[in-house]
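A.B. asks: only geometry, no sequence info:
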């Protein structure tokens, strides 16, 4: 009998322990590829399942039952409003692996106010400033200021950021209407969009506001022709957003990153000179630049984000690639004047809708190693479009066949060898000197640089390609 009682007591303790540590029914967690999308249970204490590394946006928003959460040791990211308005949540454990916390992730929770002191810090991330001081010094144990950490704080007048802080999140000081002085050390490497929006400090500056480690935070001038200063390494998100005065911009040889929507909506921007150092062009960086006519992206560009040039309705030519491996979703969607596209070698993937709605497109050069072409890449383009490539991949041929697009050999390959080489350049030079005769087909293919005429520039173009200089 005693043995039976002992077993029952053990079972009761196990059940109690399970409840305490939040062993919830697996079906309560909606998980997709390691992202916890939502939680449908009503337990007061939960443990995040082992396969989760990312707690998604709004995953637990408005849950009134949860009092404590224990993260697994794999969770690195907590999304926007992940626990927003969880009005019973007061305890959070297992945060050692967290490296990023989104906007308002723990706002309107007792957890925020259960932390003592002015700074609510989670594994080196400042979630919220609760103090009342006018003069704020970010402490040395803060590596990241989370998005909107000081949102609408109308009391602070000065802020000094620690040399140990490397990131200032989106909207971190948004709406701090008394903030007139900011000290940003060179150790800061990232500043998010609208980080200092609607602050006197931002509005009192003029021209190119350069902060941190060569970050152009904002352009506040009214010049038509802007040359980015030589100490600028990165263009911050929204730096030139919807600037109506800007007509031309030349990038510094030291600039390697163009941020999210940094030139979006600059409707009078006609010319962009991108230096060879530029490696990263973020999402919608030049979207809706409706006067932009040509873009030549240097071969060092490694990333072009989604919709980077979408809606550039005057753009008629684009030269893309080099180190770029993938052209992302909708990169040139809606560029209705785009006639020719030259994609350099190394790109092997063309993302979905990359050229959607480019209804003037006539010629596009595909590199030989393209192995994937996404769905609707050429949706709403003319049936007269011709894809030129030395590729013999069945995938590309099949794609053109299904899309009812003409497929032809490499432009510039006048000797039909299957690739560009010095012999092609020599034959073109001989043709121009009337020392060699081309067939009509060869004359058309001799236009290696897609400028609609055969001239010495075509031979030079091939030589540069062969030397890996173009």
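C.D. replies: Perfect, I can see it now. All of these numbers come straight from a predicted model, not from anything done at the bench. Residues are numbered from 1 along each chain as shown.

A.B. asks: ok, so what distance separates residue 364 from residue 350?
C.D. replies: Using CB to CB, to the nearest Å, we find residue 364 at a distance of 10 Å from residue 350. Bear in mind the C-beta positions are built from the backbone N, C-alpha and C, glycine included.

A.B. asks: Over to residue 300?
C.D. replies: Noted for residue 300: a distance of 20 Å to residue 350, by CB to CB.

A.B. asks: Then residue 318?
C.D. replies: For residue 318, the distance to residue 350 - CB to CB - is 13 Å.

A.B. asks: Can you classify residue 120 by secondary structure?
C.D. replies: Following DSSP: H, G, I helix; E, B strand; the rest coil, we place residue 120 in the strand state.

A.B. asks: what does the model give it for pLDDT?
C.D. replies: Per-residue pLDDT puts residue 120 at 96.

A.B. asks: cool, and residue 394?
C.D. replies: Confidence score, pLDDT, at residue 394: 61.

A.B. asks: Could you do residue 15 as well?
C.D. replies: Here the pLDDT value assigned to residue 15 is 43.

A.B. asks: what do you get for the one 5 residues further on?
C.D. replies: Residue 20 carries a pLDDT value of 40.

A.B. asks: Break down the stretch 151-300 of the chain into its strands, ranges please.
C.D. replies: 158-160, 167-168, 181-183, 190-191, 208-211, 215-219, 225-227, 234-235, 248-250, 257-258, 271-273, 280-281, 294-296 (DSSP state E, counting those that start in this stretch).

A.B. asks: For the second one, name the packing helices and strands.
C.D. replies: This means strand 167-168. Helices and strands touching strand 167-168, by 3 or more CB pairs under 8 Å, 6 or more residues apart in numbering; DSSP states H and E, are strand 144-145, strand 190-191.

A.B. asks: which other residues reach it?
C.D. replies: For strand 167-168, the surrounding residues in contact (CB atoms under 8 Å, 6 or more residues apart in numbering) are 143-145, 161, 184, 188-192, 195.

A.B. asks: Go through stretch 93-106 and flag the buried ones.
C.D. replies: 95, 98, 100-106 (16 or more other CB atoms under 10 Å).

A.B. asks: That stretch: end-to-end distance?
C.D. replies: Using CA to CA, to the nearest Å, one end of stretch 93-106 lies 14 Å from the other.

A.B. asks: can you give me how far that stretch is from the chain middle?
C.D. replies: 21 Å (CA atoms, centre = their mean, to the nearest Å).

A.B. asks: filter the contacts of strand 167-168 to the buried ones?
C.D. replies: Judged by 16+ other CB under 10 Å, buried ones among the contacts of strand 167-168: 143-145, 161, 184, 188, 190-192, 195.

A.B. asks: Deepest-packed of the strands of the stretch 151-300 of the chain, please.
C.D. replies: The highest mean neighbour count among the strands of the stretch 151-300 of the chain, using mean count of other CB atoms under 10 Å, belongs to strand 234-235: a mean of 28.

A.B. asks: what's that strand packed up against?
C.D. replies: Using 3+ CB pairs under 8 Å, 6+ apart, strand 234-235 is in contact with strand 215-219, strand 257-258.

A.B. asks: how about these, which one is nearest residue 152?
C.D. replies: strand 215-219 (19.7 Å; CB to CB).

A.B. asks: Residue 419: which of the buried residues of stretch 93-106 is nearest?
C.D. replies: When these are compared for distance to residue 419 (CB to CB), residue 100 comes out closest, at 44.8 Å.

A.B. asks: List the contacts of the closest one.
C.D. replies: Residues in contact with residue 100 (CB under 8 Å, 6+ apart) are 76-78, 125, 144.

A.B. asks: And for stretch 428-437, what's in contact with it?
C.D. replies: With CB under 8 Å, 6+ apart, stretch 428-437 has contacts from 412, 414, 427, 438, 443, 446, 448, 454-456, 458-459, 462.

A.B. asks: out of those residues, which one sits closest to residue 154?
C.D. replies: Nearest to residue 154 among those, with distances taken as CB to CB, is residue 448, at 61.4 Å.

A.B. asks: And the nearest residue to the closest one once chain neighbours are set aside, its phi and psi?
C.D. replies: Spatial nearest neighbour of residue 448, excluding adjacent residues (CB to CB, 6 or more residues apart in numbering): residue 412 at 3.0 Å. Backbone geometry at residue 412, expressed as degrees, to the nearest 10, gives phi 100, psi -20.
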